[in-house]
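In: can't give you the sequence, but here's the structure:
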């Protein structure tokens with residue numbers, strides 16, 4: 001699968017790294033903060049961080065998903081504010097990442113920092129069929145915690 005991308009900012013490839021996979025086995029590519037100056041996200045706060053790039057997915061059979069970088073999330077509480085960002089196949093604007101700080105300290109994002117990761121996945125659009133009843137399963141309507149603690 002070929003992913004076409006465009007530099008929205010002239011900083012991309014010069015001051016800010018172009019998108020890339022860090023290792024041959026990486027499932028997602030790093031996204032970098034394309035900023036003129038650092039942005040501090042206060043504890044409990046949120047900020048929208050531009051990446052300086054746009055993408056063109058090859059069609060409705062693909063989606064780009066934006067995930068947290070595990071190190072930022074675990075060490076500092078920095079993660080996408082909407083949990084997982086969804087980039088639809090027909091979106092052509094700049095990718096921006098909403099970040100939240102659930103940590104107990106302010107956190108500063110500097111120009112070029114890796115802020116999130118983007119994975120490209122296949123999509124299946126379901127054929128929707130409304131029903132009056134759903135088939136029965138062993139679990140049934142059991143919700144949160146209904147299958148046990150472990």
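Out: Okay, I see it. Keep in mind it's a predicted model, so treat the numbers as computed, not measured. Residues are numbered from 1 along each chain as shown.
In: residue ranges for the helices of this protein, please.
Out: Secondary structure of the chain, counting by DSSP state H: helices at 70-76.
In: Counting residues, which strand of it comes out longest?
Out: Ranked by number of residues, the top strand in the chain under DSSP state E is strand 114-122.
In: how about that strand: buried residues?
Out: 115-118, 120 (16 or more other C-beta atoms under 10 Å). C-beta here means a position set from N, CA and C on the backbone, and glycine is covered the same way.
In: wait, residue 123 sits on residue 59?
Out: No: the criterion here is C-beta atoms under 8 Å, and residue 123 misses it with residue 59 at 9.3 Å.
In: residues shared between the contacts of these two?
Out: residue 89 (C-beta atoms under 8 Å, 6 or more residues apart in numbering).
In: Among the two, which residue is more densely surrounded?
Out: Shown here are residue 123 and residue 59; by other C-beta atoms under 10 Å, residue 123 has more neighbours (12 against 9).
In: Could you check how far the residue nearest in space to the middle of the chain is from residue 46?
Out: The residue lying closest to the centre of the chain (C-alpha atoms, centre = their mean) is residue 66, at 1.3 Å. Using C-beta to C-beta, to the nearest Å, residue 66 is found at 15 Å from residue 46.
In: Since that was my last question, I'll sign off now.
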